[in-house]
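>>> the following comprises the amino acid sequence and a computationally predicted model.
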Amino acid sequence: MQACITERRAKRIEEVLARRQTDLTLVVNNIHDPHNVSAILRSCDAFGIHRVHLLYTDTAFPALGKKSSGSAKKWVETVRHRDAASLAATLKAQGYALLATSFSETAKPLAHWDLTAKTAIILGNEHRGVDENLAPHVDGALYIPMMGMVQSLNVSVAAAVILYEGFRQLDAAGRYGTPSLPPEELARLGKLWSSK
């Protein structure tokens, strides 16, 4: 049964879907804290990221709450992958470059990367970082320049910083002004979202 929604709500759904971006995505790799995962999804929704990829190989996907940031899971699609190879194969077949967050010597600053190109950014586990079995599949590494004594951010904060830079680049390129989803998918999602 179709939910009855107001004209204002229907217009809001239409406007938000028209701004959803498909060329920038995140890979959430064995992040175990539910607050971090919820905050990452909330940032994805805020910056118009349409889909997030989940790679959980040795950590259970956390149970997410229904309040505040946990509600963002309703608005951001998630796709689960069984292993690093299948994740990489799927994303590369769709034209994405895979970038890992890293402190390695070969990592380049976030602003160095063109995030208007099809890009999937891998966020690793809170303690171990990006899984080693993803290393053969990544096309590059990025880091967020830091000026303080502490040399890392909480993973959910890092995600927000990365997504803001993606938003800045996409907005400057005019990408939020034209829907990236095809009309039939916009119509399908509009009906789905109206029932939530």
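Arrived safely, thanks for sending. Numbers count the residues shown, from 1 in each chain.
>>> once you drop chain neighbours, what's closest to the residue nearest the centre of the chain?
With distances taken as C-alpha atoms, centre = their mean, residue 26 lies nearest the centre of the chain, 3.3 Å away. For residue 26, ignoring the flanking residues on the chain, the nearest one in space by C-beta to C-beta, 6 or more residues apart in numbering is residue 52 at 5.1 Å. All C-beta atoms are positioned from the backbone trio N, CA, C, and that covers glycine.
>>> the one you found looks like it's in a strand, true?
Yes. Assignment of residue 52 by DSSP: H, G, I helix; E, B strand; the rest coil places it within a strand.
>>> contacts for the longest helix anywhere in the chain, please.
Ranked by number of residues, the top helix in the chain under DSSP state H is helix 155-172. Contacts to helix 155-172, defined as C-beta atoms under 8 Å, 6 or more residues apart in numbering, come from residues 21, 23-24, 26, 31, 35-37, 39-40, 43-44, 46-49, 101, 110-111, 114-116, 119, 121, 123-124, 126, 142, 144, 152-153, 176.
>>> picking up where we left off before, give me the element the residue nearest to the centre of the chain is part of.
strand 24-29 (DSSP states H and E).
>>> quick one: average confidence on that strand?
The average pLDDT within strand 24-29 is 98.
>>> residue 48 contacts residue 22, correct?
No. The pair residue 48 and residue 22 does not pass the contact test of C-beta atoms under 8 Å, sitting 9.7 Å apart.
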